[in-house]
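Asker: quick one: sequence plus predicted model below, questions after.
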Amino acid sequence: MNSEKKDRAQRSCLIFGACAILEGTVRRVMANREVPPFIIAADAGWQQALAYGVQPDLIVGDFDSSEKPPLGQGETNQAQCIVLPCEKDDTDLHFAAGEAVKRGFLEIVLLGVMGGRFDQSLASLATLLYLRRAGARAYIAGEKTEVYCALPGETLCLPRREGYYLSVFPAEGRADGVYEHGVVYPLENASLRADFPLGVSNEFAAEQADISCETGGLFVAVVRKDGHCI
């Protein structure tokens, strides 16, 4: 691995979407990083990033729902911009995720991609699954929820968080060989189906929850109980 690829593999990437983000969420994701993350903004995500003093390195989008960034001036002076056609197969966020993968980033956090339009939130989950299958350590950091994805054969280990639910859903139509340890309602070699929410509203019972499956993949949501934002 050459030095540039190694640097990118070690450097994290944050992708900003257009949905509202709490300042505390942005601070938490940005904290304790020795190397500043590479910042990609998807469409109106550039405005969200700048609102919290985060300057994008790359801005992508068709800008059908926001104005184009004022490139070459102010806080977007150094940003590269890729203008996409409005009629395309992927979303602006998914294109941004693809750019992160092409650049070799292995830790990718999606911000401001949940809580807006329901269909776009589902599309964001599809993008998370794409990133995980591409080999990235990726998750969604939202106002009320964090979403992770566990692929078959791997174990997702989450530290205990007081005041939070932990919900597990199949990433595809069905997940088999599902195990949940360190939770109030453990599962042993269970099956989760898309038509029955068996894994919803579990809770931490140990200092760490371990979640895995043998087939299908899982979406794991950590949700604050009182409904306030993370």
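Answerer: Arrived safely, thanks for sending.
Asker: which other helices and strands contact the longest helix along the chain?
Answerer: In the chain, with assignment by DSSP state H, the single longest helix is helix 118-133. When contacts are defined as 3 or more C-beta pairs under 8 Å, 6 or more residues apart in numbering; DSSP states H and E, helix 118-133 packs onto helix 92-102, strand 107-111, strand 137-141, strand 145-150, strand 218-224. (C-beta placed from N, C-alpha, C; glycine too.)
Asker: list the strands paired with the fourth one, with their directions.
Answerer: Next to strand 145-150 in the sheet, as set by DSSP bridges, lie strand 137-141 (antiparallel), strand 218-224 (antiparallel).
Asker: distance between the last one and the chain's centre?
Answerer: Pointing back at strand 218-224 there. On the basis of C-alpha atoms, centre = their mean, to the nearest Å, strand 218-224 is displaced by 11 Å from the centre of the chain it belongs to.
Asker: which residues touch that strand?
Answerer: With C-beta atoms under 8 Å, 6 or more residues apart in numbering as the test, strand 218-224 has contacts from 125, 128-129, 144-150, 156, 158, 161, 163-171, 175, 178, 192, 211, 230.
Asker: run the angle between that strand and helix 118-133 for me.
Answerer: Counting by axes from the mean of the first three to the mean of the last three C-alpha atoms, to 10 degrees, strand 218-224 lies at 120 degrees to helix 118-133.
Asker: could I have strand 218-224 exported to CSV, CA atoms only?
Answerer: Output in CSV follows, covering the C-alpha atoms of strand 218-224 (Å, rounded to 0.1, in the frame of the first residue of the first chain):
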residue,chain,number,x,y,z
LEU,A,218,-28.7,-6.8,10.3
PHE,A,219,-29.5,-3.2,10.9
VAL,A,220,-28.9,-2.3,14.5
ALA,A,221,-30.4,1.0,15.9
VAL,A,222,-29.4,2.6,19.2
VAL,A,223,-32.3,5.0,20.1
ARG,A,224,-32.6,7.3,23.0
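Asker: all strands of this structure, in order?
Answerer: 12-16, 38-42, 58-61, 80-83, 107-111, 137-141, 145-150, 155-159, 164-170, 174-181, 187-193, 202-203, 208-212, 218-224 (DSSP state E).
Asker: for the ones you listed, which has the smallest mean pLDDT value?
Answerer: Among the strands of the chain, strand 80-83 has the lowest mean pLDDT, at a mean of 86.
Asker: give the partner strands of that strand in its sheet and their orientations.
Answerer: When DSSP bridges is applied, strand 80-83 pairs with strand 58-61 (parallel).
Asker: give me the contacts around the partner strand.
Answerer: Identification of contacts with strand 58-61 by C-beta under 8 Å, 6+ apart yields 38-46, 69, 71, 76, 79-84, 92, 95-96, 99.
Asker: now list the buried members of the contacts of strand 218-224.
Answerer: 125, 128-129, 144-150, 156, 158, 161, 164-171, 175, 178, 192, 211, 230 (16 or more other C-beta atoms under 10 Å).
Asker: closest to the centroid, which residue in the protein?
Answerer: Nearest to the mean C-alpha position of the chain, by C-alpha atoms, centre = their mean, lies Ile140 at 2.3 Å.
Asker: many thanks, have a good one.
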